[in-house]
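Peer 1: using only what follows, build the 3D model:
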Amino acid sequence: MQLGGRPSASVLARVFAVIVLVIAALASSWIGIDAGQEGRLRVTDAMHLARRLLDARALANELVARQAEFALESLREGVGTAGMEYRRTLAALRQALDDIGRYPMDPAERSALATVRLQVDRFDQMHDEIATLIRRGTRDDELAASVKVLEVAAPLARDIAEGIRMLDAALAERAMRAAEDSGAAAERARWLLVAFSGLSLLVALLLANSLGRALADSAQLMKKLSELARVDGLTSLPNRRAWDEELVKGLHRARRTSRSCAIALLDLDHFKRYNDTHGHQAGDALLRETAQALSAKLRAGDLIARYGGEEFALLLHGCDGANALRFFERLHDATLQGQTFSAGVAESDGTEEGRAALQRADEALYRAKAGGRNQTVLAESTRVVA
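Peer 2: This next block holds a predicted model:
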């Protein structure tokens, strides 16, 4: 101490050091907590947006799923219930896309959303052109309408579903990165506090507790987001995204082991009629029960996923076309509540892309429905005989 009661320079330095430590501790605490809260808000918003996207994907997949039924109805009866269903589904899809557009997105994501909206507008325009041709009533006009349905409207509907799926994947990835970044920021702040000593220890302990909760919350949110991105909420089956990933693995396995696999698309017959008769809650219950019943019939390692609407996709490892047909015949004899289904099966040796195998299964499904439903049709083989 200096004379006259004035504090010495060393004491002032120590007081100043303590003040700096306390301020640093408080600043780190604020930064860490703020980063954790911001990250949680970003991931929560992303989860809400992911749910909206799942709804939009379901509506887009509905357009694809009902394409064959609309084509048949157009040729046989003109525009009827299938055409009306298109209009209602399009309106619901537009509303879902408007809801998605209210969420914050980066320029690339907003551009992707705008592309999907343009595709929806084009699909709507094509629907009107098809309806106009059918109303004219001539055979040539009906044939032209059918061509438009199969060659223009159907691929465009699949493009809409694919565009929404890609946007969903991009937003889910961004949300997971946000959660990881917020967790990393909180972790860095925690280590800064560990470096402090002396009087800042208490602040460091309090902050570490807060950051621990933030990290646990971020991990839980990431887990929920990951589950939401791969599981269908209604049936608890793998969803379209999980199916796409597993199909690539299944084809690789068939190619590596030289054992064919079977890819199938299964569609419940007249499901809309069931919904109209029994109500949507009963329809949802039927989808859940069907998913459980089909899963129970599969071998360990085989896969069933909800492909969209009332359509399911199956991957049977080490199973050729003949065995797959026998398997589906047994399923036809064990349908729930008398509900029948149509299925298309494609045998693959793994040398083709998943999209090509699914296209063959989809064409076989179309033939099954066109042939009277309640049956399974095997797609033509792609093997070249030397």
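
Peer 1: SS state for residue 243?
Peer 2: Reducing the assignment to helix, strand or coil with DSSP: H, G, I helix; E, B strand; the rest coil, the entry for residue 243 is helix.

Peer 1: and for it, the neighbour number?
Peer 2: 26 (other C-beta atoms under 10 Å). All C-beta spots, glycine's among them, are computed from the backbone N, C-alpha and C.

Peer 1: for it, list the residues it contacts.
Peer 2: Contacts for residue 243 (C-beta atoms under 8 Å, 6 or more residues apart in numbering) come out as 303, 305, 307, 313, 315.

Peer 1: from the residues you listed, pick the one nearest residue 254.
Peer 2: residue 315 (9.8 Å; C-beta to C-beta).

Peer 1: the closest one belongs to a strand?
Peer 2: Yes. When three-state DSSP is applied, residue 315 is found to be in a strand.

Peer 1: and the closest residue to it other than its chain neighbours, how far from residue 342?
Peer 2: Once its chain neighbours are removed from consideration, residue 315 has its nearest residue in residue 303; the separation is 4.3 Å (C-beta to C-beta, 6 or more residues apart in numbering). According to C-beta to C-beta, to the nearest Å, residue 303 stands 20 Å off from residue 342.

Peer 1: these two: who's more crowded?
Peer 2: Just comparing residue 303 and residue 342: by other C-beta under 10 Å the higher neighbour count belongs to residue 342, 26 against 20.

Peer 1: contacts only, for that one.
Peer 2: By C-beta under 8 Å, 6+ apart, the neighbours of residue 342 are 266, 267, 269, 365, 368, 369, 373, 374, 375, 376.

Peer 1: could you tell me the phi and psi values at it?
Peer 2: Its backbone dihedrals place residue 342 at phi -120, psi 150, with angles given as degrees, to the nearest 10.

Peer 1: in what helix or strand does the spatially closest residue to it that is not a sequence neighbour lie?
Peer 2: Once flanking residues are discounted, residue 342 sits nearest to residue 368: 4.0 Å by C-beta to C-beta, 6+ apart. If you go by DSSP states H and E, residue 368 is part of helix 354-370.

Peer 1: so which elements touch that helix?
Peer 2: Helix 354-370 is packed against helix 67-76, helix 240-257, strand 261-268, strand 341-348, strand 376-378, with contacts defined by 3 or more C-beta pairs under 8 Å, 6 or more residues apart in numbering; DSSP states H and E.

Peer 1: least confident of those, on average?
Peer 2: Averaging pLDDT over each of the helices and strands packed on helix 354-370 singles out helix 67-76 as the lowest, with a mean of 60.

Peer 1: which ones are touching residue 315?
Peer 2: The neighbourhood of residue 315, defined by C-beta under 8 Å, 6+ apart, consists of 243, 246, 247, 250, 261, 262, 263, 264, 302, 303, 304.

Peer 1: so what's the fourth one up against?
Peer 2: When you say that, I think you mean residue 250. Residue 250 neighbours (C-beta under 8 Å, 6+ apart): 261, 263, 303, 315, 317, 350.

Peer 1: now with 10 Å, please.
Peer 2: Residues near residue 250 by C-beta atoms under 10 Å, 6 or more residues apart in numbering: 243, 261-263, 301-303, 315-317, 348, 350, 354, 357.

Peer 1: redo the residues you listed as JSON lines? Include distance to residue 111.
Peer 2: Output for the contacts of residue 250, formatted as JSON lines (distance: C-beta to C-beta, whole Å):
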{"residue": "243", "distance to residue 111": "27"}
{"residue": "261", "distance to residue 111": "37"}
{"residue": "262", "distance to residue 111": "39"}
{"residue": "263", "distance to residue 111": "33"}
{"residue": "301", "distance to residue 111": "40"}
{"residue": "302", "distance to residue 111": "39"}
{"residue": "303", "distance to residue 111": "34"}
{"residue": "315", "distance to residue 111": "34"}
{"residue": "316", "distance to residue 111": "39"}
{"residue": "317", "distance to residue 111": "39"}
{"residue": "348", "distance to residue 111": "35"}
{"residue": "350", "distance to residue 111": "35"}
{"residue": "354", "distance to residue 111": "27"}
{"residue": "357", "distance to residue 111": "31"}
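
Peer 1: hmm, back to that, buried residues in the helix holding residue 368?
Peer 2: Taking 16 or more other C-beta atoms under 10 Å as the basis for neighbour counts, the residues of helix 354-370 that come out buried are 354, 357, 358, 360, 361, 362, 363, 364, 365, 366, 368, 369.

Peer 1: for those, give me CSV that also has pLDDT and distance to residue 97.
Peer 2: Conversion of those to CSV gives the following (pLDDT from 0 to 100; distance: C-beta to C-beta, whole Å):
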residue, pLDDT, distance to residue 97
354, 93, 27
357, 95, 30
358, 95, 25
360, 96, 31
361, 96, 29
362, 96, 25
363, 96, 29
364, 96, 32
365, 96, 28
366, 96, 28
368, 96, 32
369, 95, 29
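
Peer 1: among these, which two are most distant?
Peer 2: Within the buried residues of helix 354-370, 354 and 369 form the most distant pair, 22.2 Å apart (C-beta to C-beta).

Peer 1: domain-wise, how is the chain divided?
Peer 2: Per the record's domain assignment (automatic domain parsing), the chain is made up of the domains 22-230, 240-378.

Peer 1: I figured residue 255 hits residue 350, correct?
Peer 2: Yes. With contact defined as C-beta atoms under 10 Å, residue 255 reaches residue 350; the gap is 3.1 Å.

Peer 1: what sits in contact with each of those two?
Peer 2: Shared between the contact lists of residue 255 and residue 350 (criterion: C-beta under 10 Å, 6+ apart) are residues residue 261.
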